[in-house]
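S.K.: Dropping a prediction and its sequence here:
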Amino acid sequence: MRTHAWLLCLPLAGLLALFGDNYHLRFVAEILITGTAVMSLDILVGQGRLVSLGHAALFGGAAYVSALLAIHAGAGLVPVLLAGIVTGMLLALVMGLVATRSVDLFFLILTLVVGQMVYELAFHWRTVTGGADGLRGIPALVLHLGGEAWKPTGARFLFLLAAGLALVAYLLARSFLAAPIGRALVASREQPVRLAALGYEVRRLRLLAMLFAGGIAGAAGALYPFVNLYVGPNLVHWSMSATMIVMLVLGGVGTLHGAFVGTGLYLLVQTYLSSFTDRWQLLIGILFVLIVIFLPDGIVRPGWWRRQA
Amino acid sequence: MGFYLIQTLNALAFSVLLMLCGLGLSLVLSLMNFVNLTHGSSYLFGSYAAVVWLGSGAPWWLAVPAAFLAAALAGLLLDRFPFARFYGRNHLAQVLLTYGLSVMFADLMRLGFGAEIRSPVLPDLLRGVVFVLGMPFPIYRIVLILAGGVLSLVLWYLFDRTIWGAVVRASVADRRMVETLGLDTRRVFALVMAIAAGLGGLSGALGVGMLSAYPGLDEEILLHALFVVVLGGLGTFRGTVAGALVLGFAMTFARVWLPEFAGFLTLLAIALLLVLRPDGLVAPKLRQV
Amino acid sequence: MRPNPLTRRGVLLGTAGVALAAHCTAPAVARSTPLRIGLLTSLSGPFTSLGESMRAGLELLIADAGGQMGGRPVELLVEDDGGKPEEGLRKVRKLIAQDGIDVLGGVISAGVALAIRDVVTEAGLPTFISNASANALAREAASPLVFRPTKTSWMLGHSGALWTFQNIAKDGGLTVGADYAAGREYIGDFVQTFQEQGGSVGTQLWTPLGTTDFSPILTTIAAEQPNFVYAFFAGADAVRFLQQMQEYQLQDLVKLIGPGALFDQEDVVPAAGSAALGGINTFQQSPTAPAAHGFVEAYLKAGGRLPGEASTAGYVTGQVIRAGLEAVAGDPSDRERFRQALLEQPIETVIGPMRFDPRNNQAVLDIYVNELVAGPDGQPLNTVVHTFPAVQDPGPAG
């Protein structure tokens, strides 16, 4: 099944890259970038049962740093990506240190609290972050190749970058999960006591998982400002984290590619359905609840958390 | 001197409000191990019910019981479907279900009650002030403090001291065993859920004089409730009360002394407290891995 | 809850019908293709009630205009930004690329307005910011095709300071505000003008946006016993602030002044009730303004409420778009000509005469000083007691 999906995706992506108009390219780029961040959340939620309501802070925090770097020091692709990854990992480190001592509801609340602290910073530090109004006037991305600055025009380049990012992140995530650390993470979700008895430090495992997820979310966040040429505090608010969880569940928790499906579905419904009815939020809510009750596997593939507590 | 005394009373009133926010959530979480994120919706529903009741000319002192009953009824229906299937599930599934439901309820209430802010018509009895050392303090808030105090005593007694509370806790710990004793655990759970939802509505009715009712209030209240419950620790009412007091005082005095950083500092305080005491302020030691 | 008869589908069908009828009855018109007006407003999220009012206002104008502007039928496409800039951006892009709108109006929140500014400028789309009052749009973020048929925060803070200085007190006052961009702008501008006049302002109190309990601040106010309080809150915050002021019995002791949003006739006053009495505000809109007379009656009849800022803004935006389109005979495709048409002469709107400053396309408006007194039905009514004529934002230089 998986190989068939790939065979379908690549030519579609190619067609889009060649013939798509700016609007669609940008829209799909946004889906891919946000989807990458949601996929990194899946590593935590799906594999580690670490439900984080602060993940948007990692994604959005990296977006802010990337935007600030672009505004003040030029938007070179490599520096911006690096800055984003580092920011994502640093924020993940802080969040992890605070939250990984707890599980379940406490973990949820602690990630929410740390995420909201990032929000308060973004909202009140007006001189740096623009406060409630956010950052605008972000220059377009520049690629430095062999000493020369190549400024490719907007949407097509962004789309290719986003697609590349999504692919690389997906492969990295797959290999992380296949590696011993990933296996141990899954074990920590299923049998934490047994794992501790075997000598694993469960807390350290979780921290490392958060760092990894933070790095990926940070990379995605680094590209996000260039989608809209705008970053605002909404991006780091806990409601954005909740939205990311909704996107994840719609697509399928535990399957990495479900994140992209769910993100696409959510953004499509939000953008197109709201033209026809004022009640689009109700519809998303109903869809979400129905999926949770009857299709806990999401749209894509059987999930794991159907099991009893 | 009077200034600080009044600010302390302000903090106390706010703490009571927070405690009211957290009660239903704490009840269901401690007794049934069920994370109910529709709690904010129950609060908002109770607020709207009170506004409608007070505006309709019916006896004002029945507004709170009316809100309690309306929300309890809704809770009973929810218990029937879809909560019952989820009592045994893990917390993630419960969080997702109740969050999705809360989004639905928010939109439905917006449809039903409108998007504008609705305030209750308070009876004249509740509108005055008393003067403490020359500074005004509203009677409404005194009533709030008293009501909150009485309510928590009643609930604490009911659940910590009566056999009925023990039945509920036993039903969560070992359902089969309780069934063999001839008790219908299904009805026990339904009743607890109804009471918890009712408490949410009751809190909404008590608080509406201070906060009014509008779309979005449910999310704000839910957040407050989660902080209070988690900070205080699960399993006891003392915990919820402690959490509410700490949070209420922290938020009030942060706003008095450092308003520009009030939000950040409150969050920092919560994070630090939870790092120092990962199970909450008043909590039995849980084995966590 | 008012049902909305004018859904997008309804408008499409309606205007198609009108267009068909016009086409059949009138001599063949060269441009009978409908004019597409996009409205970006908040139909979910924190500004829902304002967003719905704005939509109602614009729909009323279109109905009053017979569904036509500049000889062409009008098609209204409404999109929801949820109060979030990212969503607003997505919707604007969609409106431009997929729906091919000719003109964009609306926007409640300053964040959304600033976010979409670059996109609409790049697309060369004439845009009318109906409600967002961020100063930046009239200064560093001004754009040739972005018009603002409403006030800037400065215009209200400035006039509020003038009135307070001349009529209330020259010192001994304090300010209270919600701590975010808008609050900082209003209060900052008030304080600056007040000090320029020669007055002095005491403590500046701030409280987080979305504060539920104002008691710490109210106790501070009670302790200081100021000559006046200049406050800025909006929406639910405003309702709670007014009610809690009344609760702490400060309503009669303290003179409360603020920008109009604190006492919005539609959004705040119905919920705050008697707590709003005695307040003073400076605003570009008032239900008792002479220019608004016919509109207020029509809106009251249609929805059962007196109009506030948002609904008036929707109507005014419609009036401005219509005036511009009439001047270019229904063809806005020559952007420069359209722009000149709007700048050429003042437009009569329900908030008075409006002309645009050519430097930044910012409206120059009469600012009313409203006092909240009991109206004929006993409810508080914003009653005009003074008008500052043709107040102009200092603009890019200022």
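M.R.: That came through fine.
S.K.: Tell me the spacing between the residue nearest to C:Phe147 when sequence neighbours are not counted and C:Tyr186.
M.R.: Using C-beta to C-beta, 6 or more residues apart in numbering or on different chains and skipping residues adjacent in sequence, the residue nearest C:Phe147 is C:Asn361, 4.4 Å away. Where C-beta positions appear, they are placed from N, C-alpha and C, glycine not excepted. Using C-beta to C-beta, to the nearest Å, one obtains 22 Å as the distance from C:Asn361 to C:Tyr186.
S.K.: neighbour count winner among those two?
M.R.: Comparing C:Asn361 with C:Tyr186 by other C-beta atoms under 10 Å in any protein chain shown, the one with more neighbours is C:Tyr186, at 30 against 24.
S.K.: Might one say that the more buried one is in contact with C:Met155?
M.R.: No: applying C-beta atoms under 8 Å, one finds C:Tyr186 not in contact with C:Met155, separated by 10.2 Å.
S.K.: Which pLDDT does the model give C:Met1?
M.R.: If you check C:Met1, the pLDDT there is 41.
S.K.: same question, the one 10 residues further on
M.R.: Note for C:Val11: predicted pLDDT of 48.
S.K.: same deal with C:Val29?
M.R.: pLDDT, C:Val29: 40.
S.K.: and if you look at B:Asp160?
M.R.: Predicted confidence (pLDDT) for B:Asp160: 75.
S.K.: so who does it touch?
M.R.: B:Thr236, B:Phe237 (C-beta atoms under 8 Å, 6 or more residues apart in numbering or on different chains).
S.K.: do that again at 7 Å, thanks
M.R.: By C-beta atoms under 7 Å, 6 or more residues apart in numbering or on different chains, the contact set of B:Asp160 is B:Phe237.
S.K.: gap between it and B:Leu31?
M.R.: 11 Å.
S.K.: Near chain B, which residues of the stretch 51-200 of chain A? Just list them.
M.R.: Residues of the stretch 51-200 of chain A found near chain B, taking C-beta under 7 Å from any C-beta of the partner chain as the criterion, are A:51, A:98, A:101-106, A:109-110, A:113-114, A:116-117, A:120, A:124, A:192-193, A:196.
S.K.: how about the strands of the stretch 101-250 of chain A, start to end?
M.R.: A:135-136, A:143-145, A:148-150, A:230-231 (DSSP state E, counting those that start in this stretch).
S.K.: now the last one: how far from the chain's centre is it?
M.R.: Right, the one you point to is strand A:230-231. Distance of strand A:230-231 from the chain centroid (C-alpha atoms, centre = their mean, to the nearest Å) equals 16 Å.
S.K.: ok, it near chain C or not?
M.R.: Yes: using C-beta under 7 Å from any C-beta, strand A:230-231 reaches chain C at A:Tyr230.
S.K.: strand partners of that strand, parallel vs antiparallel please.
M.R.: Strand pairing for strand A:230-231, using DSSP bridges, gives strand A:135-136 (antiparallel).
S.K.: can you point me to the longest helix in chain A?
M.R.: helix A:154-178 (DSSP state H).
S.K.: Show me where the stretch 51-200 of chain C has its strands.
M.R.: Using DSSP E, counting those that start in this stretch, the strands of the stretch 51-200 of chain C run over C:68-69, C:72-80, C:103-106, C:127-129, C:146-147, C:173-178.
S.K.: how about these in a markdown table, adding mean neighbour count and mean pLDDT?
M.R.: Below are the strands of the stretch 51-200 of chain C laid out as a markdown table (neighbours: other C-beta atoms under 10 Å in any protein chain shown; pLDDT from 0 to 100):
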| stretch | mean neighbour count | mean pLDDT |
| --- | --- | --- |
| strand C:68-69 | 21 | 89 |
| strand C:72-80 | 24 | 93 |
| strand C:103-106 | 28 | 94 |
| strand C:127-129 | 28 | 95 |
| strand C:146-147 | 25 | 94 |
| strand C:173-178 | 24 | 94 |
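S.K.: need the ones you listed in JSON lines with distance to C:Glu348, can you?
M.R.: Shown next, in JSON lines, are these (distance: least, C-beta to C-beta, whole Å):
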{"stretch": "strand C:68-69", "distance to C:Glu348": "15"}
{"stretch": "strand C:72-80", "distance to C:Glu348": "19"}
{"stretch": "strand C:103-106", "distance to C:Glu348": "18"}
{"stretch": "strand C:127-129", "distance to C:Glu348": "16"}
{"stretch": "strand C:146-147", "distance to C:Glu348": "16"}
{"stretch": "strand C:173-178", "distance to C:Glu348": "34"}
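S.K.: Get me the contact residues on the stretch 51-200 of chain C for chain A.
M.R.: Residues of the stretch 51-200 of chain C lying near chain A (C-beta under 7 Å from any C-beta): C:79-80, C:84-87, C:89-91, C:93-94, C:97-98, C:110-111, C:114-115, C:117-118, C:134, C:180-181.
S.K.: and stretch B:170-177, anywhere near chain A?
M.R.: No: judged by C-beta under 7 Å from any C-beta, stretch B:170-177 makes no contact with chain A; its nearest approach is 10.9 Å.
S.K.: Run the chain-centre distance for that stretch.
M.R.: Counting by C-alpha atoms, centre = their mean, stretch B:170-177 comes out at 26 Å from the chain centroid.
S.K.: Not counting it itself, show me its contacts.
M.R.: Outside stretch B:170-177, the residues that reach it (C-beta under 7 Å, 6+ apart) are B:Leu31, B:Met32, B:Asn33, B:Val178, B:Thr185, B:Val188, B:Phe189.
S.K.: One more: stretch C:198-205?
M.R.: With C-beta under 7 Å, 6+ apart as the test, stretch C:198-205 has contacts from B:259, C:165, C:170-176, C:187, C:191, C:194-195, C:217, C:220, C:224, C:226.
S.K.: Buried ones from these, can you make that a PyMOL selection?
M.R.: Selecting the buried subset of these in PyMOL, with 16 or more other C-beta atoms under 10 Å in any protein chain shown as the burial test, is done by:
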select buried, (chain B and resi 259) or (chain C and resi 165+173+174+175+176+187+191+194+217+220+224+226)
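S.K.: Contact residues of the stretch 201-350 of chain C facing chain B?
M.R.: Neighbours of chain B within the stretch 201-350 of chain C, by C-beta under 7 Å from any C-beta: C:205-208, C:210, C:212-213, C:215-216, C:219, C:222-223, C:235-236, C:239-240, C:243, C:247-249, C:267, C:270-273.
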